[in-house]
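Asks: Coordinates for the following, if possible.
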Amino acid sequence: MAKLVGRIRAVLFDLGGTLVDERDYGGWVDLARRVYLDLDADTLAHFYAEVVREFDARPPPLDREAAQVELWRQVLLRSAGKEIDARMATQYLRLLREAERPVRLFSDVRRCLDHLRAERRELGIVSNSTSEASVRRVLDRVGVLDYFERVVSSGTEGVAKPAQEIFRRATERLGVRPEEALYIGDLPTTDARGARSAGLHSVWLNRDGMELGDDPPEIMSLLEVPLVIRQLEQGV
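Replies: Numbering: from 1, shown residues only. Below you'll find the predicted structure:
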């Protein structure tokens with residue numbers, strides 16, 4: 001029989017790809033034209049997902065800004081089918097950050113949050129993002145900011161996922177022990193394994209349903225979160 005873990009007092013979420021969808025392939029193609037690249041949106045979508053998976057599996061970089069430049073350099077060169085230098089990738093990343101980004105709440109989010117709040121669980125965010133203020137703006141924009149007691153952002157904290165420290169800061173600020181918290185994110189290593197290394201329970205939100213497995217444990221929808229919590233608390 002699985003070990004009983006007691007009550008899960010807090011549930012923490014990643015932001016992009018978990019609560020909100022910030023992907024805008026058409027807009028990204030339009031921005032690419034400003035750096036003289038003619039891309040196809042479907043091709044860009046394919047290679048963006050491919051590169052994100054590859055980067056998630058790598059050891060965390062010492063210089064996260066350089067890593068972001070390299071991520072987009074890889075996306076652009078694979079999508080364009082030609083060499084892209086760091087200067088062009090840096091310019092493109094700047095355009096991305098300056099652009100007004102469309103953002104939408106995934107359809108399963110509000111029902112999940114309502115259920116967890118009705119059960120009186122503390123809710124929080126741990127995000128690799130520019131700042132706590134930027135995360136709060138996104139949450140407010142999609143109408144769910146009031147659900148969350150704490151928001152922890154790598155840009156404000158100076159430490160990023162998958163480092164244990166950022167998860168531990170979040171649990172400390174919520175007033176719970178790591179083993180009393182569950183973390184949900186859309187990346188298997190940066191999110192699920194990172195949180196687990198800090199002592200939290202965790203699941204990988206694998207919305208695409210690809211590569212299903214048990215390490216880390218996976219769900220395909222946030223509507224499964226109450227069942228995950230019930231199983232943890234009952235030792236199933």
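Asks: Can you get me a residue count around the nearest residue to Asn206 once chain neighbours are set aside?
Replies: Nearest non-adjacent residue to Asn206, counting by Cβ to Cβ, 6 or more residues apart in numbering: Glu218, 4.6 Å away. Where C-beta positions appear, they are placed from N, C-alpha and C, glycine not excepted. By the criterion of other Cβ atoms under 10 Å, Glu218 has 18 neighbours.
Asks: got the phi/psi numbers for Asp186?
Replies: Main-chain torsions, Asp186, degrees, to the nearest 10: phi -90, psi 10.
Asks: and the residue nearest to it when sequence neighbours are not counted, what is it in contact with?
Replies: In space, and not counting its chain neighbours, Asp186 is closest to Gly17: 3.7 Å by Cβ to Cβ, 6+ apart. Counting by Cβ atoms under 8 Å, 6 or more residues apart in numbering, Gly17 makes contact with Gly185, Asp186, Leu187, Leu205, Arg207.
Asks: can you tell me which helix or strand the residue nearest to Asn206 belongs to?
Replies: Secondary structure from DSSP states H and E places Glu218 in strand 218-219.
Asks: looking only at pLDDT, what's the mean for that strand?
Replies: For strand 218-219, mean pLDDT rounds to 94.
Asks: how close does the residue nearest to Asn206 sit to Asp56?
Replies: 14 Å (Cβ to Cβ, to the nearest Å).
Asks: same deal with Ser127?
Replies: According to Cβ to Cβ, Ser127 and Asp56 sit 15 Å apart.
Asks: and if you look at Arg94?
Replies: Distance, Arg94 to Asp56, using Cβ to Cβ: 23 Å.
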